[in-house]
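Engineer: Whatever this is, show me its structure:
(one chain, ligands or ions: 1)
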Amino acid sequence: MALLLPTSTAGSLPKPSWLAEPEKLWSPWKLEGNELIEAKQDALRLTLQEQIHAGIDIVSDGEQTRQHFVTTFIEHLDGVDFENRETVKIRDRYEASVPSVVCAVSRQKPVFVEDAKFLRQQTDQRIKWALPGPMTMVDTLYDAHYKSREKLAWEFATILNQEARELEAAGVDIIQFDEPAFNVFFDEVNDWGIATLERAIEGLKCETAVHICYGYGIKANNDWKKTLGSEWRQYEEAFPKLQQSKIDIVSLECQNSHVPMELIELIRGKKVMVGAIDVATDTIETPEEVAATLRKALQFVDADKLYPSTNCGMTPLSRQVARGKLKALSAGAKIVRDELTA
Ligand SMILES: [Zn+2]
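Structural biologist: Next up is the predicted model:
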């Protein structure tokens, strides 16, 4: 029988301070050239060992080889000019200086495939690889070429599909697309967001996931959350169509959030990665707190479809806090697993 409640993380994990300045998004690398390549691989080995040591079942690269979950992928594409920057409002929330799409976008060579092969060599455990989703990519750029968010999203979906097929061939078990933008642009999600996501997973035989969260624990996101009221019902907008989609797994923020757990009922039938670790606080959850969140989720997800996870990436946290949270996650999952199999 497959392991019940296999644990995983949403994506990024803190980087060692010798690789990049810690607890910071878009943190610049501290090395260059071959030294940087080697250092990224060392960090990947380290983050893998930390996950295994903490009892995480579905492991990842902890995004050690990328500066940012969206930007690094885009950097490797043609058609985007990183010198030519414009200020845009990301996710309708905070302003950032972003690169511009100046002509047709394309992928000349694989972006993460070598990294994925390297991770595959290091472990026999199931591995999950995160890519940005088409809508979130569009939302992190200034588009001076297509002048249509939808058109650009379809182009990115084609490119993501090329990358995903090669990641699958490299031995990745679960390919995850990060779509925090799904919590903001509801009309677009239903018009073309989910459709472009399905284009990105076309032809894949491995499992596929979409991660939808309320963002990293940075100030702009925390301030935004304060405006959302006591009940966060954003998921309600995308879930019905997502339930009908070909995506296998939906990764959600549930710990300390104001998302009513019963919304998960709307994606009944899907596997659900339940965020049982809050990434916006340094307070480490107790295993019992994790277990309580999982038990609540079990009212709406069948036990064989529940995957305990983190609310979002942990890159802005200290390594020590992240390690504590990973341990709490697996200890909490164990409590509930034992209850289910007793
Ligand atoms: Zn997230």
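Engineer: got the contact list for Cys213?
Structural biologist: Contacts for Cys213 (CB atoms under 8 Å, 6 or more residues apart in numbering) come out as 10, 180, 183, 251-253, 275, 311-312. Quick note: C-beta positions are derived from backbone N, CA and C, even for glycine.
Engineer: can you tell me how far it sits from the ion?
Structural biologist: 3 Å (CB to the ion, to the nearest Å).
Engineer: re the thing from before, so of the contacts of Cys213, which two are at opposite extremes in space?
Structural biologist: Ala10 and Asn183 (13.7 Å; CB to CB).
Engineer: Looking at the two, which one has more neighbours?
Structural biologist: Ala10 (27 against 22; other CB atoms under 10 Å).
Engineer: Touching, Asp57 and Gln125? I think so.
Structural biologist: Yes: using CB atoms under 8 Å, Asp57 makes contact with Gln125 at a distance of 6.7 Å.
Engineer: who has more neighbours, the two?
Structural biologist: Between Asp57 and Gln125, Asp57 has the larger neighbour count (other CB under 10 Å), namely 17 against 14.
Engineer: who's in contact with the residue nearest to the more buried one when sequence neighbours are not counted?
Structural biologist: Excluding the flanking residues, the one nearest Asp57 by CB to CB, 6 or more residues apart in numbering is Pro6, at 3.9 Å. Going by CB under 8 Å, 6+ apart, Pro6 touches 57-58, 126, 307-308.
Engineer: do the same with Ala297
Structural biologist: Ala297 sits in contact with 254, 261, 264, 272, 274, 276, 306, where contact means CB under 8 Å, 6+ apart.
Engineer: Just give me the neighbour total for the second one.
Structural biologist: Other residues within reach of Met261, judged by other CB under 10 Å, total 17.
Engineer: how near is it to the ion?
Structural biologist: 18 Å.
Engineer: partners of Tyr307 in the sheet?
Structural biologist: Under DSSP bridges, the beta-bridge partners of Tyr307 are Met273.
Engineer: Hmm, Val272 and it touching each other?
Structural biologist: Yes: using CB under 8 Å, Tyr307 is in contact with Val272, at 6.8 Å.
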